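Colleague: Have a look; sequence and predicted model below, questions after that.
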Amino acid sequence: MSSIRDELKISQFSVININKHNSLHLAKNEFQRRKYQFISELTFLLICHNDNREIYKIISHLIVVSLEATEFIFSEKVFTKRNKIAFPKKNDFDYLPFLKKVHTYLFRCSQLSDKERVDFYKLERFLIKQYLEHRSTSV
């Protein structure tokens with residue numbers, strides 16, 4: 001029992017090894033945690049950018065699609081990086097790691113229609129613009 005607790009204390013940047021005993025269950029829990037972390041970051045963006053109707057609609061749809069997605073999509077290591085979300089300051093949001101998460105998610109999610117992919121690529125483009133804006137104002 002204590003070994004399971006020790007394994008649960010795996011750092012957020014650790015690699016999940018599915019070959020260990022009982023680690024498939026731990027991996028599923030870790031992937032589920034990553035999934036809901038991603039959804040909470042999307043929710044933060046939704047609140048911060050509610051003035052842009054098109055992006056608001058795209059982010060809302062991505063939240064719904066992410067809720068329906070399997071946890072295994074979140075097995076990539078890029079999903080372990082957490083944003084430091086200081087609610088409600090959107091200037092504290094780090095767009096680059098989140099952009100990588102969205103890109104990885106779109107690459108791994110095969111059940112998206114062409115229209116959904118185009119919409120989510122618009123979101124990627126928006127995130128790139130936000131990153132560049134944030135970068136230019138902080139320099």
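Modeller: All right, it came through fine.
Colleague: tell me the helices in the protein, going along the chain?
Modeller: Here the chain has its helices, by DSSP state H, at 2-8, 23-48, 53-68, 95-108, 114-138.
Colleague: Select, out of those helices, the one closest to Glu76.
Modeller: Nearest of those to Glu76, taken as Cβ to Cβ: helix 95-108 at 5.1 Å. Glycine gets a C-beta too; all of them are placed from N, C-alpha and C.
Colleague: Now do the buried residues in that closest one.
Modeller: Buried residues in helix 95-108, counted by 16 or more other Cβ atoms under 10 Å: 95, 97-99, 101-106.
Colleague: any idea which of the residues you listed is the one closest to Asp51?
Modeller: Closest to Asp51, out of all of the buried residues of helix 95-108 and judged by Cβ to Cβ, is Tyr95, at 16.9 Å.
Colleague: For that closest one, give me its contacts.
Modeller: 127-128, 130-131, 134 (Cβ atoms under 8 Å, 6 or more residues apart in numbering).
Colleague: What subset of these is buried?
Modeller: 127, 130-131, 134.
Colleague: Kindly reformat the residues you listed as a markdown table containing pLDDT and distance to Phe72.
Modeller: Below are those laid out as a markdown table (pLDDT from 0 to 100; distance: Cβ to Cβ, whole Å):
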| residue | pLDDT | distance to Phe72 |
| --- | --- | --- |
| Leu127 | 89 | 24 |
| Gln130 | 86 | 29 |
| Tyr131 | 86 | 28 |
| His134 | 80 | 32 |
